[in-house]
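Undergrad: Next comes the sequence, and after it the predicted model I'd like to discuss.
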Amino acid sequence: MPNSAKKVVSLNPQARAIEATRLLRTDHKHVSELFEQFESVRSTTKKQALVLEICQELTVHAQIEEEIFYPAIQKVLKDKTLVPEARVEHETLKYLIAQISAREPESEEYDASVTVLSEYVKHHVKEEQNEIFPKVKESKLDLVELGARLAARKEELLAELM
């Protein structure tokens, strides 16, 4: 597993005292940076390593949102559209990840699939950060406690991948 993912696993207790939306934004930024690296890399081996890290990061991120973040915010916001839409987007994200995993890294479709995944993730992130996060910030939800739960679960999931 790439070193950057290993760093996340060794979270200290202070690192857990982060608001949920900040933790998720940090994940978004990290994955965006990985996609940018992918665009500039020519080596198939390096691309494959980056794609593995991207897919693992997205899988863990989606899982903590689905298990913890979405249920908490849906309850507080009494939301009937944003969270269900985000869940459906996660289903598509998982489908794209499965498609990439089934492709040979040397194929033209591999790079094209990663590009489509990148564009899809950008769309999803934009909606979360511009529509969901502002409503969550205005809510009475304890975002630090929620962030701690997200960080702890993320740590567990990343440890399972090692």
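TA: Here it is on my side, so go on.

Undergrad: which one is C55 nearest to, not counting chain neighbours?
TA: I97 (4.9 Å; CB to CB, 6 or more residues apart in numbering). All C-beta spots, glycine's among them, are computed from the backbone N, C-alpha and C.

Undergrad: Number of residues surrounding the one you found?
TA: 19 (other CB atoms under 10 Å).

Undergrad: Just confirm it contacts V60, I think it does.
TA: No: counting by CB atoms under 8 Å, I97 does not reach V60; the two are 11.5 Å apart.

Undergrad: check which helix or strand covers the residue nearest to C55.
TA: helix 82-102 (DSSP states H and E).

Undergrad: buried residues in the helix or strand just after that helix?
TA: Using DSSP H and E, the helix or strand that follows helix 82-102 in sequence is helix 108-127. For helix 108-127, a neighbour-count test (16 or more other CB atoms under 10 Å) marks Y110, D111, S113, V114, L117, S118, V121, H124, V125 as buried.

Undergrad: between the residues you listed, which is nearest K137?
TA: Relative to K137, the closest of the buried residues of helix 108-127 is V125; by CB to CB it sits at 16.2 Å.
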